[in-house]
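Peer 1: This is the structure alone, sequence omitted:
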């Protein structure tokens with residue numbers, strides 16, 4: 001998958017799952033797909049194109065090639081993750097915006113001319129309201145204290161994985177306010193020195209995760225019973241089971257470990 005390949009890539013999606021033969025997007029339009037339209041943004045050379053194909057009843061597609069994107073987290077490339085996540089979010093938008101919320105009229109497919117200019121939108125033919133795919137902003141934060149980081153076992157965890165804290169941005173909030181509020185709500189701690197790290201599109205179903213580091217300032221850990229089973233400070237050399245690679249939570253943890261290891265090496269060299 002590179003810009004030199006004059007190829008169309010198809011991303012069949014149904015019920016939140018992707019059809020990826022041999023872990024790769026299809027290069028021919030599958031049969032029995034009721035809707036197909038471009039989901040890529042305009043590029044300079046205009047050679048490669050990405051299409052989403054949607055169907056409520058995708059017949060003829062080998063069942064063993066249907067995947068939940070979470071299953072591919074450890075194995076897929078960043079490029080496949082991007083396009084697969086985009087396809088899933090477009091499918092979620094498509095299913096949830098079948099009718100205009102203003103007048104109730106059925107919404108048409110995106111217009112080809114708009115898609116050619118990178119505008120993904122369904123426009124009501126009756127009252128002309130525009131409906132675009134929307135991502136919900138969330139924060140995800142690793143709280144640190146010297147050589148230790150705070151990891152929590154969430155109530156919804158089915159794997160016993162300890163991870164970072166996260167939460168949705170509320171109406172009217174700045175991102176930094178969300179970080180401070182979520183940490184206080186979930187574990188009762190006060191934090192400062194927030195540092196933005198990175199972001200990740202999280203298509204489960206349509207979030208944008210904004211990753212931060214925050215330093216412990218005050219308080220004792222008091223888990224929020226509705227959200228957190230338990231939370232503890234862990235030394236960077238003695239971590240519990242943590243999220244898989246490919247997640248922004250793991251990226252934050254790995255970044256913290258790398259930083260502390262660098263500090264330890266520097267300290268050893270100066271002695």
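Peer 2: Structure's in. What do you need? Please read these numbers as outputs of a predicted model, since none were measured by experiment.

Peer 1: hey, let's count contacts and neighbours off CA atoms from now on
Peer 2: OK.

Peer 1: and for stretch 263-271, what are the contacting residues?
Peer 2: Around stretch 263-271, nothing counts as a contact under CA atoms under 8 Å, 6 or more residues apart in numbering.

Peer 1: I misspoke; the intended subject was stretch 221-239.
Peer 2: Contacts of stretch 221-239 (CA under 8 Å, 6+ apart): 147-156, 185-189, 240, 256-257, 260.

Peer 1: Am I right that residue 252 is in contact with residue 142?
Peer 2: Yes - assessed by CA atoms under 8 Å, residue 252 is found in contact with residue 142 at 6.6 Å.

Peer 1: what touches both of the two?
Peer 2: Joint contacts of residue 252 and residue 142 (CA under 8 Å, 6+ apart) are 212-213.

Peer 1: for the stretch 101-250 of the chain, what spans make up the strands?
Peer 2: 122-123, 130-131, 136-145, 148-154, 162-163, 165-168, 190-202, 207-218, 228-235 (DSSP state E, counting those that start in this stretch).

Peer 1: Let's have those strands in a markdown table, adding mean pLDDT, distance to residue 24 and mean neighbour count.
Peer 2: As requested, the strands of the stretch 101-250 of the chain are exported to a markdown table (pLDDT from 0 to 100; distance: least, CA to CA, whole Å; neighbours: other CA atoms under 10 Å):
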| stretch | mean pLDDT | distance to residue 24 | mean neighbour count |
| --- | --- | --- | --- |
| strand 122-123 | 94 | 28 | 21 |
| strand 130-131 | 95 | 30 | 16 |
| strand 136-145 | 98 | 27 | 22 |
| strand 148-154 | 98 | 33 | 22 |
| strand 162-163 | 98 | 29 | 22 |
| strand 165-168 | 97 | 31 | 20 |
| strand 190-202 | 97 | 20 | 16 |
| strand 207-218 | 98 | 24 | 19 |
| strand 228-235 | 98 | 37 | 17 |
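
Peer 1: closest to residue 61 out of those?
Peer 2: Residue 61 lies closest, by CA to CA, to one member of the strands of the stretch 101-250 of the chain: strand 190-202, at 25.9 Å.

Peer 1: Return the list of strands paired to that closest one, each annotated with direction.
Peer 2: Strand 190-202 has the following sheet partners, assigned by DSSP bridges: strand 207-218 (antiparallel).

Peer 1: and the angle for the strand it pairs with with strand 136-145?
Peer 2: With axes from the mean of the first three to the mean of the last three CA atoms, to 10 degrees defining the directions, strand 207-218 sits at 30 degrees from strand 136-145.

Peer 1: ok, for the residue nearest the centre of the chain, nearest residue in space, not its chain neighbours?
Peer 2: Taking CA atoms, centre = their mean, the centroid of the chain lies closest to residue 202, which sits 1.1 Å from it. What sits nearest to residue 202 in space, not counting adjacent residues and going by CA to CA, 6 or more residues apart in numbering, is residue 208, at 5.7 Å.

Peer 1: Name all residues that make contact with that neighbour.
Peer 2: 135-138, 199-202.

Peer 1: Recalculate using a threshold of 7 Å.
Peer 2: By CA atoms under 7 Å, 6 or more residues apart in numbering, residue 208 lies in contact with 135-138, 200-202.

Peer 1: Is it possible to get TSV of the residues you listed that adds distance to residue 76?
Peer 2: Formatted as TSV, those follow (distance: CA to CA, whole Å):
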residue	distance to residue 76
135	22
136	24
137	24
138	23
200	15
201	15
202	14
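
Peer 1: hey, where'd the helices end up in the stretch 51-200 of the chain?
Peer 2: For the stretch 51-200 of the chain, helices defined by DSSP state H, counting those that start in this stretch occupy the ranges 78-96, 112-116, 175-187.

Peer 1: rank those helices by pLDDT, which is bottom?
Peer 2: Among the helices of the stretch 51-200 of the chain, helix 112-116 has the lowest mean pLDDT, at a mean of 84.

Peer 1: tell me what it is packed against?
Peer 2: Counting contacts by 3 or more CA pairs under 7 Å, 6 or more residues apart in numbering; DSSP states H and E, helix 112-116 is packed against no other helix or strand.

Peer 1: ok now stretch 191-199, how far from the chain's centre?
Peer 2: Remark: stretch 191-199 is offset 18 Å from the chain centroid, using CA atoms, centre = their mean, to the nearest Å.
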